[in-house]
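Asks: Show me how the following folds:
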Amino acid sequence: MEYQRCKEHELWNFGDGLSYKIFGADLSKYDGIVVWHSKDVKSMLLLGLLASAYEGDLFDIDVSKSYGNCLCGELCSKQLSSCLTYYKKLTLRQKQALKIKYDTLPHEYPCIKRYIHRNFEVVKKEILKKKLLRYVSNKPQSWHIPSSNAMAKSQIGEWYYSMFWDCLTLELLSEGQGVISEMIFEPKDGYEYPLGSCMTTPYLYNGFDLRKLYSFKYFKTK
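Replies: From the prediction side, this is the model:
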């Protein structure tokens, strides 16, 4: 089963310990599963995974019907409760359609995905790098400004967490597509931990691992 394959190879990380809670559970013992979701790629992938792997009844609550382009995690308990009116069971046809959309994605290797026009798509990293570069100035600016703008300008179906954009930023610098004008090597207000405290991949800039920085300013080369 797809569920077992993901569990065995640790291919999923939903954050906040959710991966462990999903893959540590025996889903077959449940009569049904309810998925709260919006139209973001992360929650829709979870719904697609369960449609593909879970044989029981699947229910969904689409918070976007009340709150538009808003993530579930951005809503308070009162707002979430107001969405219970959208609670419904997926028909076999709906579940099968979701399963097909999910199963057509490449699962044998890691890739970046988005959810656009009710379909999953694979996105090339280079396209997102070009998007990020559009927000990088020709003059020195704090490293988080371009990535924050890229996040803010993204559609809900291709919204990725800040660490994703941080990694792309460091990758651009490692490739020589940006120049660092100022480096902060010690904690300061708002930057108590090194940038790479949760990163496993080294990002080298003139031989220096950028993960060790607490903050920096940079500009693009062209």
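Asks: center of the protein, which residue is that?
Replies: Nearest residue to the geometric centre of the chain (CA atoms, centre = their mean): Tyr160, 3.9 Å.
Asks: part of a helix, is it?
Replies: No. In this structure, Tyr160 is coil, not part of a helix, as judged by DSSP: H, G, I helix; E, B strand; the rest coil.
Asks: Run through the residues that contact it.
Replies: When the contact criterion is CB atoms under 8 Å, 6 or more residues apart in numbering, the partners of Tyr160 are Val41, Ile112, Met151, Ser154. Every residue, glycine included, has its C-beta placed from N, CA and C.
Asks: same deal with Val123?
Replies: Listed by CB under 8 Å, 6+ apart, the contact partners of Val123 are Cys111, Ile112, Lys113, Arg114, Glu158.
Asks: again with Val136
Replies: Neighbouring residues of Val136 by CB under 8 Å, 6+ apart: Pro146, Leu172, Gly178, Tyr218, Phe219, Lys220.
Asks: wait, is it part of a strand?
Replies: No. Judged by three-state DSSP, Val136 forms no part of a strand; its state is coil.
Asks: Would you check how far apart it and Gly178 are?
Replies: Distance, Val136 to Gly178, by CB to CB, to the nearest Å: 6 Å.
Asks: Need the residues touching each of those two.
Replies: In contact with both Val136 and Gly178: Leu172, Tyr218, Phe219, Lys220, using CB under 8 Å, 6+ apart.
Asks: so where's this protein shaky on pLDDT?
Replies: Low-confidence segments of the chain, defined by pLDDT under 70, are located at 1-25.
Asks: As a check, name the ranges of all strands in it.
Replies: 32-37, 57-62, 88-89, 112-116, 119-123, 141-142, 178-184, 204-205, 208-209, 215-220 (DSSP state E).
Asks: closest to Leu80 out of those strands?
Replies: The closest approach between Leu80 and any of the strands of the chain, judged by CB to CB, belongs to strand 32-37 at 7.0 Å.
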